[in-house]
Every structure is written in C-alpha cells, then in structure tokens.
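In: Generate coordinates for the sequence data below:
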Amino acid sequence: MTTILLLLLVAYLLGSIPSGLWIGHYFFHKNLRDFGSGNIGTTNTFRILGKKAGTIVFAMDLLKGTLATVLPLIFGIETISPALFGLFAVLGHTFSIFNHFQGGKAVATAAGMLLGYSPKFILLLVIVFFITFYLTSMVSFASVLSAGVAAILLLVLPAFHLIFTSYDWLFTSVVLFIVCFIIVRHRDNITRIRNKTENIFNFGLNITHQKHNI
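Out: Next comes the predicted model:
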C-alpha cells in the first residue's frame with residue numbers, strides 16, 4: 001500500500017510539471033499566463049511561442065500522462081488499475097503544485113493516459129480529433145467532441161469485443177470523469193463557439209464560421 005501511495009504521488013507530480021510555463025520562462029522569457037488565453041497548455045503555447053515550442057509542450061504533456069499510467073507496470077503492481085495513476089497525472093496537470101494549483105485543460109495529458117492504457121483506442125480518438133479539427137479549425141471543439149466520443153465508445157466497444165474484450169468499470173469511470181472534467185474546463189470555449197467568436201487556426205474549413213483567427 002505504501003508503494004502504491006508513493007507512486008500515486010509521483011504520478012501527480014509528473015502531471016504537475018508545467019511544461020509550457022517553464023519552457024516559456026526559461027527559453028522565451030515569457031509568462032504564458034500573461035498572453036493569449038492565459039492558459040499554459042499546448043494551444044496557447046503554439047499561439048504565443050510558435051510551432052516548435054508548442055510541439056515540445058504537447059509531447060511533454062502527453063508523455064507525462066503515459067509515464068504516470070505505466071508506473072504500476074514498471075514496478076510490478078497488479079492490484080490497482082493503471083488508469084488511476086493516469087488520473088492523478090491529469091489532476092496534477094490541471095492543479096499543478098508548481099503553478100499555484102492551476103494548469104491546463106487536461107486534453108494532452110488525458111491522451112497520454114489513454115496512450116499508456118490502450119494505444120489502439122487513442123489512435124481511434126486521434127482520427128476523430130483531426131477530422132473534427134480540419135472541419136472546424138478549432139482545437140477546443142475537436143477536444144470536446146473527441147472527449148464525448150471517447151465516453152460513447154467506452155460504453156459501446158466492449159459489448160462487441162472491439163479493442164476492449166470486456167468492460168473495465170474502473171477505467172471507464174476514470175475516463176468518464178475526465179471527459180466531464182475536460183468539458184467543464186472548456187466551458188468558456190463552448191460559449192465562444194456558440195457566439196461564433198472562438199479562436200481558430202488558419203487550417204481547415206471553419207464550417208461553423210467562427211470569426212477569430214490565431
């Protein structure tokens with residue numbers, strides 16, 4: 001039990017690493033909290049610091065979720081689901097001890113958790129994400145829709161023994177919690193989407209006709 005608690009703490013601390021904040025501070029001398037949306041996640045990093053920094057931050061935020069999820073496998077722990085460790089990384093990312101218990105919107109780290117748990121499942125969601133991103137030009141819309149699709153698929157796929165051979169209710173509960181968490185974290189984005197004022201990338205079709213380019 002002590003080992004499990006320590007590894008859960010490690011998972012939280014891994015998730016708490018504020019990649020965008022630190023890269024912006026040490027390499028660009030910018031505090032991401034003072035620019036753009038004020039968020040320290042991947043999208044605002046792309047917007048403020050550029051593609052290279054954005055890609056690095058995305059990779060770091062993704063991999064810290066993956067590493068946290070495989071911690072029990074590394075240490076030979078089989079009595080608790082790896083998804084729980086991934087959840088602690090997601091909570092760390094969103095409520096970072098290194099950033100006054102503030103953080104990103106959990107999408108990249110949640111994707112990293114799914115990568116560590118089921119690479120086939122996250123591949124399916126990546127396809128959904130990029131199709132949606134191309135159609136709407138919005139990372140926020142693609143993130144929320146992909147989260148919703150993840151919830152539906154987790155309830156449907158095991159019934160047909162596709163990707164998952166049976167229901168893992170702890171994993172399903174963790175993912176459903178994270179899905180709700182992601183949607184709540186994007187509530188301002190959802191309001192802007194409804195008002196057609198959400199920020200979009202100069203990529204894709206912008207089929208909802210949002211008016212703000214980034």
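
In: tally of neighbours for the residue nearest to R185 when sequence neighbours are not counted?
Out: Distances taken as C-beta to C-beta, 6 or more residues apart in numbering put K105 closest to R185, at 4.2 Å, once the chain neighbours are dropped. All C-beta atoms are positioned from the backbone trio N, CA, C, and that covers glycine. K105 has 27 neighbours, counted by other C-beta atoms under 10 Å.

In: which residues touch K105?
Out: 39, 41, 94, 143, 182, 185-186 (C-beta atoms under 8 Å, 6 or more residues apart in numbering).

In: Name the member of those that has the highest neighbour count.
Out: Neighbour-wise, the contacts of K105 (other C-beta under 10 Å) top out at G41, 28 neighbours.

In: What pLDDT is listed against that residue?
Out: If you check G41, the pLDDT there is 89.

In: which ones are touching it?
Out: By C-beta under 8 Å, 6+ apart, the contact list for G41 reads 20, 57, 61, 103-105, 107-108.

In: Now do the helices in this structure.
Out: Shown for the chain, the helices assigned by DSSP state H span residues 2-16, 19-27, 42-49, 51-74, 82-94, 107-117, 119-136, 139-156, 169-185, 187-194.

In: wait, what's in contact with the residue nearest the centre of the chain?
Out: Geometric centre of the chain, nearest residue: V107, 1.6 Å, by C-alpha atoms, centre = their mean. Going by C-beta under 8 Å, 6+ apart, V107 touches 41-42, 143, 147, 182.

In: same thing but at 7 Å, please
Out: Contacts for V107 (C-beta atoms under 7 Å, 6 or more residues apart in numbering) come out as 143, 182.

In: any idea how far it lies from L71?
Out: Per C-beta to C-beta, to the nearest Å, V107 is found 21 Å from L71.

In: Tell me which residues are up against stretch 84-99.
Out: The contact list for stretch 84-99, computed with C-beta under 7 Å, 6+ apart, reads 7-8, 11-18, 21, 40, 61, 64-65, 68-69, 71-72, 101-104, 106, 109-110, 113, 116-117, 174, 178.

In: From those residues, list the buried ones, please.
Out: Buried subset of the contacts of stretch 84-99 (neighbour count, 16 or more other C-beta atoms under 10 Å): 7-8, 11-18, 21, 40, 61, 64-65, 68-69, 71-72, 103-104, 106, 109-110, 113, 116-117, 174, 178.

In: Can you give me the neighbour number for L73?
Out: For L73, the count of nearby residues is 12 (other C-beta under 10 Å).

In: Hmm, I typed the wrong one, I wanted A83.
Out: Using other C-beta under 10 Å, A83 has 22 other residues around it.

In: separation between it and R33?
Out: From A83 to R33 the distance is 30 Å (C-beta to C-beta).

In: Might one say that H212 is in contact with K196?
Out: No: contact criterion C-beta atoms under 7 Å: H212 and K196 do not qualify, at 9.0 Å.
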